[in-house]
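Visitor: my questions concern the predicted model and sequence given below.
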Amino acid sequence: MVEYLKIVYVRGRQVLDSRGNPAVEAAVTVRNCIDGELTEGRAIVPAGSGIGGREAAEIRDGGDAFMETDVKTAARNIEKYLQEPLAGTEVTDQRRIDHILRETGGRENKEGNLSGSGANALLAVSLASADAAAKALHVPLYRYLGGVQGQKMPVPMMTVIDGGAHADNSLDVQEFMIVPVGADSMAQGIEWCCEIYRTLKKILFNRGLATSVGDEGGFAPNLSTEIEAVNFMMEAIHASGFEPGRDVCISLDVAAGTWQERGAAGNREGKEDGAPWKERGNGDYCMPKQKRCYSSRELIQEWEDLVERYPVFSLEDPLGAQDWEGWLELTQRLGDRTLLVGDDLFADAHLADAPGENARERLQRGIQEGCGNAILIQPGKIGTLSEIMELAQLAKEHGYRAIISHRRGESEDSFIADLAVALNTGLIKTGAPSRGERTAKYNQLLRIEEELYGQV
């Protein structure tokens, strides 16, 4: 490899995510050895959800929020521990950079020096290196990452209602999304979703329901059941002039791992029969807000009933991350009709019952055992850029769909928009068409589509 874009400086800083929590930003400066020009690339890695039991290592104060002092420490550690190993490295050699990051991070983790930056500082430096390389070469980031083959615009999976840990309302399902499967372009798909989003707001307002938004920009009304939320979505799709199933489908991010955690010791309460989703007094899963409980098999039946009644494009984490038998049965029953997306299921493990298990190993297990048919790729849950790209390739080779995803706490950084196009995943999940940290990704996708295909 011809080396002429050398890394000369690496530093970190504390910035803010969309929830007001501190996040880590890395800046990588490179020098063109031919003309001496300096170029800086940057990347922000925000906090994760802190829920579901499967997050890459981050510094926490025992709760959901980062401790400010520890994030500052993680930012300082970028320069303290990564500057020397990376100095002089060719910035276009991404695999070498990521190898150095993994080796240095792993070594320092054992000494406690980088223990809080595994999912923050190391990934931020990895992404910032790619950003610096693209800028130094004067090519778009998606083109640098994907080459001439990186040109497939993703279909947006747009959040319209928030629940679960993303909103202080009565809904236990974490995200309710619309997917414009019939749109001819990314721009048209975004337009359709925005129209449905605005229509849904009017419908909720006219019914006297809250139109304030949750962490990812979806509305957060208090509703009696999840099915009521789905019905409001269907009403908004119809009222906007679209046909459910042909033009627009629905997707749910269930985050059922949180139900499973509560189900073991949670307060179980039964309600009257005849509710849209049957009430149970016992089970492996218990919805923490509505206190409806299910066994794994009962929950699988609920999802099958949902798919029978509605145009469901995908179900994300419909079961817990350790419920492999349930995932197998669910895939056998629904895998040919809808996407069954593993997020926590295929994320790096930091659990006592699966120490050291990484995302690639978990995906390989899922492939071998026939569990799920899609993977959510969320930077921050997967080590470095190289590992993210390898995971997407592994999924593709085995017929699994890959969905590039945002985080619960986000930033204005639009890296994942370029990444989705570069990897030709065909799907992206990045929140509602509100809140600047979400629209930043949609706006970048619109720019990319115009650059690739002209005005659409």
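Guide: That came through, no problem.
Visitor: off-centre distance for stretch 7-26?
Guide: How far stretch 7-26 lies from its chain's middle: 19 Å, per C-alpha atoms, centre = their mean, to the nearest Å.
Visitor: can you check stretch 182-190 too?
Guide: Stretch 182-190 has its C-alpha centroid displaced from the chain centroid by 21 Å (C-alpha atoms, centre = their mean).
Visitor: next one: stretch 359-373
Guide: For stretch 359-373, the separation from the chain centroid amounts to 18 Å (computed by C-alpha atoms, centre = their mean).
Visitor: in it, which residues are buried?
Guide: Neighbour-count burial for stretch 359-373, counted by 16 or more other C-beta atoms under 10 Å, picks out A359, R360, R362, L363, G366, I367, C371, G372, N373. In short, each C-beta sits where N, CA and C put it, glycine included.
Visitor: what of stretch 410-420?
Guide: In stretch 410-420, counting by 16+ other C-beta under 10 Å, buried: E410, S411, D413, S414, F415, I416, A417, D418, L419, A420.
Visitor: can you give me the helices in the stretch 1-150 of the chain?
Guide: Taking DSSP state H, counting those that start in this stretch to define them, one finds helices in the stretch 1-150 of the chain at 68-77, 83-86, 94-111, 121-137, 141-146.
Visitor: and the following helix or strand past the last one, what does it pack onto?
Guide: Using DSSP states H and E, the next helix or strand after helix 141-146 towards the C-terminus is strand 155-162. Applying 3 or more C-beta pairs under 8 Å, 6 or more residues apart in numbering; DSSP states H and E, one finds that strand 155-162 contacts strand 175-179, helix 186-206, helix 226-239, strand 427-429.
Visitor: change it to 6 Å
Guide: With contacts taken as 3 or more C-beta pairs under 6 Å, 6 or more residues apart in numbering; DSSP states H and E, strand 155-162 sits against strand 175-179, helix 186-206, strand 427-429.
Visitor: related to what we said a few turns ago, let's have the buried residues of stretch 410-420 in a markdown table, adding distance to M234.
Guide: Conversion of the buried residues of stretch 410-420 to a markdown table gives the following (distance: C-beta to C-beta, whole Å):
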| residue | distance to M234 |
| --- | --- |
| E410 | 28 |
| S411 | 33 |
| D413 | 34 |
| S414 | 31 |
| F415 | 34 |
| I416 | 29 |
| A417 | 29 |
| D418 | 33 |
| L419 | 32 |
| A420 | 27 |
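Visitor: where along the protein do the strands fall?
Guide: For the chain, strands defined by DSSP state E occupy the ranges 5-16, 22-32, 38-45, 155-162, 175-179, 249-253, 285-286, 293-294, 312-316, 339-342, 374-377, 401-405, 427-429.
Visitor: out of those, which is closest to G88?
Guide: When the strands of the chain are compared by C-beta to C-beta, strand 5-16 sits nearest G88, at 5.5 Å.
Visitor: residues in contact with the closest one?
Guide: Where contact means C-beta atoms under 6 Å, 6 or more residues apart in numbering, the residues beyond strand 5-16 that reach it are 22-31, 33, 44, 71-72, 75, 78-79, 82-83, 86, 88-89, 91-92, 121, 136.
Visitor: ok, stretch 196-210 next?
Guide: The contact list for stretch 196-210, computed with C-beta under 6 Å, 6+ apart, reads V160, I178, T211, F219, P221, E235, A236, I237, A239, S240, P433.
Visitor: mind listing what's buried in that stretch?
Guide: Neighbour counts over stretch 196-210 (16+ other C-beta under 10 Å) mark I196, Y197, T199, L200, K201, I203, L204, L209 as buried.
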